[in-house]
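K.L.:
Sequence isn't available, so here's the structure alone:
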């Protein structure tokens with residue numbers, strides 16, 4: 001999935017505008033997929049596909065805000081840029097509250113739109129990199145034994161081997177063994193690196209649980 005070319009998904013019931021936007025974006029070297037309605041987009045959408053969504057606000061049937069909410073319910077992370085022919089402040093506020101990247105008024109300036117899309121695509125790429133990194137860390141955590149996981153929680157709080165041995169009711173040599181194993185499995189050489197990895201998956205240092 002990481003090797004897929006990001007796609008700019010265009011959703012608008014205005015066929016002429018849809019064609020014009022497609023030509024503009026393809027001329028800028030972007031991969032584009034167009035849809036005449038929110039329903040058509042939903043039927044074809046793969047939530048794992050990289051890219052961003054350029055979405056008309058006012059459409060018959062399912063409108064832009066309703067599509068945004070539907071995607072939110074489906075846990076789709078696709079960044080959204082809204083286009084509207086109306087200066088609708090309330091709709092703009094609602095769209096932004098639900099995570100829209102931008103809210104642009106038609107007729108939209110080509111350069112403004114292209115810049116907004118570049119920001120959205122960069123945001124999506126960064127989110128995917130972060131998620132990929134998180135997945136790798138969680139796979140490493142899953143390889144730990146229960147005892148190694150207990151030692152990890154205590155190590156990242158700053159406990160020394162002797163203290164950890166006392167906490168867990170075992171010998172210091174045993175803790176050194178478990179600590180060496182967990183450091184190797186986690187792919188780190190220092191406690192600082194271990195703390196960083198743990199923090200990225202929500203394992204804090206404020207408690208040893």
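P.N.:
Received it, and whenever you're ready, just let me know what you need. Because the structure is a prediction, the values reported are computed rather than measured. Numbering: from 1, shown residues only.

K.L.:
Which of the helices and strands in the protein ranks last by mean pLDDT?
P.N.:
When the helices and strands of the chain are scored by mean pLDDT, DSSP states H and E, helix 89-97 comes last with a mean of 80.

K.L.:
I would like the residues contacting it, please.
P.N.:
Residues external to helix 89-97 that are found in contact with it (CB atoms under 8 Å, 6 or more residues apart in numbering): 57, 64, 65, 68, 80, 82, 84, 103. Placement of C-beta: from N, CA and C, glycine included.

K.L.:
if we go to 10 Å?
P.N.:
With contact meaning CB atoms under 10 Å, 6 or more residues apart in numbering, helix 89-97 is reached by 55, 57-58, 63-65, 68-69, 80-82, 84, 86, 88, 100-105.

K.L.:
same question, stretch 184-195
P.N.:
136-137, 140-145, 148, 152, 155-158, 179, 182-183, 196-198, 203-205.

K.L.:
Now do it, average pLDDT.
P.N.:
Summarised as a single mean, pLDDT over stretch 184-195 is 93.

K.L.:
Same question for stretch 27-34.
P.N.:
Stretch 27-34 carries an average pLDDT of 96.

K.L.:
for that stretch, which positions count as buried?
P.N.:
Neighbour-count burial for stretch 27-34 flags 30, 32, 33, 34 (criterion: 16 or more other CB atoms under 10 Å).

K.L.:
other SSEs contacting the helix ranked longest in the chain?
P.N.:
Identified as the longest helix of the chain according to DSSP state H is helix 110-142. In this structure, helix 110-142 makes packing contacts with strand 7-11, helix 15-27, strand 51-56, strand 80-84, strand 102-105, helix 146-155, helix 172-186, helix 191-200, judged by 3 or more CB pairs under 10 Å, 6 or more residues apart in numbering; DSSP states H and E.

K.L.:
Give me the distance from that helix to the chain's centre.
P.N.:
5 Å (CA atoms, centre = their mean, to the nearest Å).

K.L.:
Need the pLDDT of residue 77.
P.N.:
89.

K.L.:
same question but for residue 3, I mixed them up
P.N.:
Residue 3 is assigned a predicted lDDT (pLDDT) of 58.

K.L.:
Drop anything exposed from the contacts of helix 89-97.
P.N.:
In the contacts of helix 89-97, burial by neighbour count holds for 55, 57-58, 63-65, 68, 80-82, 84, 88, 100-105, counting by 16+ other CB under 10 Å.
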